[in-house]
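here is my input, please return the structure:
(one chain, ligands or ions: 1)
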Amino acid sequence: MSNEEFLSMVKKAIVEGNKDEAVQLAQHAIAEKMDLNEVIEKGFVPGIQQVGQLWEEGEYFLPELITSAECMKAAMELMKPELKKAQIEIRSAGKIVIGTIEGDIHDIGKNLVASILSANGFEVVDLGADVKLETFIEKAEEVNANLICLSALLTTTMTGQRKFIKILKEKGLYGRFKVMVGGAPVNQKWADEIGADGYSENALTAVDAAKELVN
Ligand code: B12
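A predicted model of the protein is given here:
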């Protein structure tokens, strides 16, 4: 089986919501020491993106969406420790506090970003999803974070990113913690407009962006 065939099987498993298959493919990728970053970004992620598209087109409904999201989560849980093992960490690349903004329960993309940052030597504190803006600040102060990463998948919670920068300014903390924003509706223009220090489109590019912001 070629690499392309394997990646398309991964994508198919997510689109069809076949959890056994998704888990088996993740196990195969681990056993065969495949590049898990590639398997995730070119197999699992396109799969869940297609699910989103099918939903938008009215082909899929919420149950299908949930099933596919659960498949993705199960496979990610398996690969997470392996991503961690592969890290060539000698000293921490920096401390990051990450979470999805209050009112938003989407956490697949955020989990991906957290796992890949952590696999690349960052110390990552993952606050989970539906996180209060104040909690990000409290945790960042507590662990003396270099960077705060805010994920938003809803246009309504995207505005929370703007509010967060405003709160940092009010508290005199703007500049003390760098802020990187992301999530499907977010783009560079939005990041610039709200005064965020960084933006990244996906988990892999987030690593370089984080390194640049922390140094
Ligand atoms: C899976 C999914 C769900 C799952 C979530 C499961 C989970 N545990 O996360 C479930 C079924 C629960 C769900 C629920 C809902 N969903 Co939903 N969901 C999706 C879907 C199909 C995929 C999201 C996803 O996981 N993508 C895959 C990941 C890998 O991609 P990602 O999240 O974009 O993350 C990548 C990048 O954005 C980036 N990134 C992400 N975060 C960060 C952070 C930083 C700092 C950086 C640098 C980068 C970064 O890196 C990631 C990896 O490459 C999207 C459709 C879409 N096109 O996005 C809709 C979508 C986001 N959902 C939507 C909606 C409306 C809802 C609901 C309100 C539906 C409802 N009526 O109940 C609820 C929300 C409830 C709530 N309060 O949050 C809408 C949002 C519309 C809008 N404009 O606001 C979307 C766009 C679908 C649509 N077209 O209508 N959803």
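
what average pLDDT does the biggest helix by length in the chain get?
Using DSSP state H to define each element, the chain has its longest helix at helix 62-85. For helix 62-85, mean pLDDT is 85.

next structured bit after that helix?
strand 95-100 (DSSP states H and E).

I'd like the next helix or strand past that next one.
Strand 95-100 is succeeded, C-terminally, by helix 108-119 (DSSP H and E).

contacts for stretch 207-215?
93-94, 96, 116-117, 120, 122, 146-147, 149, 178, 180, 197-200 (C-beta atoms under 8 Å, 6 or more residues apart in numbering). Every C-beta, even on glycine, is put in place using the N, C-alpha and C of the backbone.

of these, list those near the ligand.
Among these, proximity to the ligand is found for 149, 180, 200 (C-beta under 6 Å from any ligand atom).

contacts for the longest helix of the chain, please.
Here helix 62-85 makes contact (C-beta under 8 Å, 6+ apart) with 13-15, 17-19, 22-23, 25-27, 29-30, 36-37, 39-40, 44, 47-48, 51-52, 54-55, 108, 111-112, 115-116, 118-119.

for Ile116, which non-adjacent residue is spatially closest?
Closest residue to Ile116 apart from its sequence neighbours, by C-beta to C-beta, 6 or more residues apart in numbering: Ala203 at 4.3 Å.

list the contacts for the one you found?
Going by C-beta under 8 Å, 6+ apart, Ala203 touches 40-41, 109, 112-113, 115-117.

only the buried subset of these, as a PyMOL command please.
If you want just the buried ones from those in PyMOL, going by 16 or more other C-beta atoms under 10 Å, the selection is:
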select buried, resi 40+41+109+112+113+115+116+117
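
which SSE is immediately downstream of the helix or strand bottoming out on mean pLDDT in the chain?
Sorting the helices and strands of the chain by mean pLDDT, DSSP states H and E puts helix 108-119 at the bottom, at a mean of 83. Under the assignment DSSP H and E, the closest C-terminal helix or strand after helix 108-119 is strand 123-126.

and after that following strand, which helix or strand comes next?
Downstream of strand 123-126, the next assigned helix or strand under DSSP H and E is helix 133-143.

then that next one to PDB, C-alphas only?
Taking C-alpha atoms only, helix 133-143 is exported to PDB below (Å, rounded to 0.1, in the frame of the first residue of the first chain):
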ATOM      1  CA  LEU A 133     -11.200  34.400  29.500                       C
ATOM      2  CA  GLU A 134     -10.000  35.200  33.100                       C
ATOM      3  CA  THR A 135      -8.900  31.500  33.500                       C
ATOM      4  CA  PHE A 136      -6.400  31.900  30.700                       C
ATOM      5  CA  ILE A 137      -4.900  34.900  32.400                       C
ATOM      6  CA  GLU A 138      -4.800  33.300  35.900                       C
ATOM      7  CA  LYS A 139      -3.100  30.200  34.500                       C
ATOM      8  CA  ALA A 140      -0.600  32.200  32.400                       C
ATOM      9  CA  GLU A 141       0.400  34.200  35.500                       C
ATOM     10  CA  GLU A 142       0.600  31.000  37.600                       C
ATOM     11  CA  VAL A 143       2.900  29.100  35.300                       C
END
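
all good on my end, thank you.
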